[in-house]
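Engineer: Structure here, sequence nowhere to be found:
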């Protein structure tokens, strides 16, 4: 059952991600990425981290993607057209794209090889207890409290910055 | 019968997702899709953290994932604000159009 | 595979909850029209069935028989996906809400089964997550209709929903601080008992401000009056569901009513003591739960037909400049008092 779920979720995540970078219409890309996040959230639950799974949905799928969706809608992003002109086709036509795809497969294989150095023992069995929110909270607010405070300042700065950057220039 | 997922399965999945994200960043010609591919890469890294955490019985990785998500949110907000500001200038979303800083 | 009585009981609870949610939408259609009528000093529906009780059935049959239209330039896949997302998110959010004490169905089962389809111990976070997903139904509806009224309505509705999600979440956080748990069943169980023998230990008495914030944010989340500017008839035709007809429209309607029920049910569990009440044993507590949810739903409908509508900029200003600081102050005061009561 565990294995079945893992392979289904992994398949959904990879397929959705490939479609994200393959789709021409940015609106579809955003929706497919949400599907990919959902699959990843399922994987996190399988890995015994319900907190991370839920905040993945709340933050990534529920907030960041809404931001992307708004931007796509406001800018009325059109589907990409194929490149015209000789120089453009040389740089970004079908041939270079296929070469780029091959290069990414090479990257994936290199990462496989690098990560294979770790042993291939089995994961802890499914009945090890999941991480509770209490444990995460204790660790977060005791050892990592400085990072927490710094992150809140970061978010404030990002909010103010985003509003300033996106504002219309007043004469 | 399907093979049980080991630590390597999760790490390989994350490697594949990372490579997909990288391919997206290099191959797409739409700024918003490039930002989406960066999010794919960040998620791949999150998966690595959580998988290794489970394997070693720690929870520090999940704390790092928490911070990665928060920083990704801040980065997405600022990045999209920049995209909107750039769009106001040039009315297109291809990264090739923004060449003012080129020599 | 042996079929366990527990599994069957759990499946029955899930099916029952789903069935009752569908029914509650129909009952709410009737109630809304009757209460609206009495508020406006007229009779409501009274022709169809005794006292108009079969009116929802007539409405549903009418909606099913209508022609399913779609604008030609609308994106077909997204156009039909949007109401599905809305309805699914609405139903899924109720999955973590318990509506009664764990029961053994009068001794038929060996161990008690929880009266919630999926009572997880991070229940409140899951609820919040699924509520955030409900925004997508509205956004996609507006975008895929390819019509300016829909798009404007959708943008406004979704901006409103994500703004009020913050205050919604902060009022949760105060309750979580006091109860020390994210599971809704635990929070309800913390509200057992009485002070001085007759005042029930509900959190509404400890957190009146939190209750107010939660209800206001909940009404804004479900796009109901006085926060229903994006779908007001006089303003934007019908907002994001202008182009929808027949079953797709029915799905949006259904989603809105089920969201109302979810917000009322969660408010009952968090603030009004859930299924605990005087005179009835805990195993019959679901009767109290129904009564409290019914009272909150009546309040919802009453508010719609009494209060005038907020204008959009007033609505956003209220959410960000008044409700959010209030929620933060509520959280800070709760945190301070919780620490004081438990020793530094």
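Structural biologist: In hand now; what should we look at? From a predicted model like this one, the values you see are computed outputs, not experimental measurements.

Engineer: Quick check: the gap between the most centrally placed residue in chain A and residue A:58.
Structural biologist: Centroid-nearest residue in chain A: residue A:37, 6.6 Å away (criterion: Cα atoms, centre = their mean). Relative to residue A:58, residue A:37 is positioned 11 Å away (Cβ to Cβ, to the nearest Å). In short, each C-beta sits where N, CA and C put it, glycine included.

Engineer: The helix or strand where residue A:98 lies close to chain B?
Structural biologist: Counting by DSSP states H and E, the element that carries residue A:98 is helix A:94-115. Yes - under the criterion of Cβ under 8 Å from any Cβ of the partner chain, helix A:94-115 makes contact with chain B via A:97, A:100-101, A:103-105, A:107-108, A:111-112, A:115.

Engineer: What is the burial count for residue B:100?
Structural biologist: Neighbour count of residue B:100, defined by other Cβ atoms under 10 Å in any protein chain shown: 7.

Engineer: So it: helix, strand or coil?
Structural biologist: Using DSSP: H, G, I helix; E, B strand; the rest coil, the structure places residue B:100 in coil.

Engineer: Next up, the contacts around it.
Structural biologist: By Cβ atoms under 8 Å, 6 or more residues apart in numbering or on different chains, residue B:100 lies in contact with nothing.

Engineer: low-confidence ranges in chain B?
Structural biologist: B:1 (pLDDT under 70).

Engineer: distance of the residue lying closest to residue A:13 once chain neighbours are set aside from residue C:41?
Structural biologist: Closest residue to residue A:13 apart from its sequence neighbours, by Cβ to Cβ, 6 or more residues apart in numbering or on different chains: residue A:39 at 4.0 Å. Going from residue A:39 to residue C:41 by Cβ to Cβ gives 54 Å.

Engineer: re the thing from before, I'd guessed the residue nearest to the centre of chain A sits against residue B:43; true?
Structural biologist: Yes - between residue A:37 and residue B:43 there is a contact under Cβ atoms under 8 Å: 6.9 Å.

Engineer: Overlap of the contact sets of the two?
Structural biologist: residue A:60.

Engineer: Scan the residues of helix A:94-115 next to chain B and report the most crowded one.
Structural biologist: Each of the residues of helix A:94-115 next to chain B was scored for neighbours by other Cβ under 10 Å, and residue A:104 scores highest at 21 neighbours.

Engineer: Surely that one and residue B:19 touch.
Structural biologist: Yes - if you go by Cβ under 8 Å, residue A:104 and residue B:19 touch, sitting 4.7 Å apart.

Engineer: dump the residue contacts of the closest residue to chain A within the stretch 51-200 of chain C.
Structural biologist: Of all residues in the stretch 51-200 of chain C, residue C:132 sits closest to chain A, at 3.1 Å by Cβ to the nearest Cβ. Residues near residue C:132 by Cβ under 8 Å, 6+ apart: A:57-58, A:61-63, A:66, C:162, C:165.

Engineer: try 7 Å this time
Structural biologist: By Cβ atoms under 7 Å, 6 or more residues apart in numbering or on different chains, residue C:132 lies in contact with A:58, A:62-63, C:165.

Engineer: do residue C:286 as well
Structural biologist: The contact partners of residue C:286, by Cβ under 7 Å, 6+ apart, come to C:99-100, C:115, C:275.

Engineer: So which residues on chain A come close to chain C?
Structural biologist: Residues of chain A lying close to chain C by Cβ under 7 Å from any Cβ of the partner chain are A:50-51, A:54, A:57-58, A:61-63, A:66, A:69, A:73, A:133.

Engineer: again, only using 8 Å
Structural biologist: Within chain A, the positions lying close to chain C (Cβ under 8 Å from any Cβ) are A:27, A:31, A:34, A:50-51, A:54-55, A:57-58, A:61-63, A:66, A:69-70, A:73-74, A:132-133.

Engineer: From the contacts of residue C:132, which land in helices?
Structural biologist: The helices, defined by DSSP state H, take in residue C:165 from those.

Engineer: Within reach of chain B, which of the contacts of residue C:132 are there?
Structural biologist: Applying Cβ under 8 Å from any Cβ, the subset of these adjacent to chain B comprises residue A:63.

Engineer: For ChimeraX, what selects the buried ones among the contacts of residue C:132?
Structural biologist: In ChimeraX, this line selects whichever of the contacts of residue C:132 come out buried by 16 or more other Cβ atoms under 10 Å in any protein chain shown:
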select /A:58,62,63 /C:165
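
Engineer: any idea which of the contacts of residue C:132 is closest to chain B?
Structural biologist: Nearest to chain B among these, with distances taken as Cβ to the nearest Cβ, is residue A:63, at 6.4 Å.

Engineer: so residue C:228 touches residue C:309, yeah?
Structural biologist: Yes - at 6.5 Å, residue C:228 counts as touching residue C:309 under the criterion of Cβ under 8 Å.

Engineer: Residue ranges in the chain under the pLDDT threshold?
Structural biologist: Picked chain A for this. Scanning chain A for pLDDT under 70 picks out the ranges A:81-93, A:117-127, A:170-171.

Engineer: sorry, should have said chain C
Structural biologist: If you take pLDDT under 70 as the line, chain C has these spans: C:1-3, C:106-110, C:230-243, C:343-344.

Engineer: Write out the residues of it neighbouring chain A.
Structural biologist: Proximity of chain C to chain A, by Cβ under 8 Å from any Cβ, involves residues C:78, C:120-122, C:125-126, C:128-130, C:132-133, C:135-136, C:139-140, C:143, C:151, C:155, C:158, C:162, C:182.

Engineer: Please repeat the previous calculation with a cut-off of 10 Å.
Structural biologist: With Cβ under 10 Å from any Cβ of the partner chain as the criterion, chain C comes near chain A at residues C:75, C:77-78, C:81, C:85, C:120-136, C:139-140, C:142-144, C:151, C:154-155, C:158-159, C:161-162, C:165, C:169, C:176, C:180-182.
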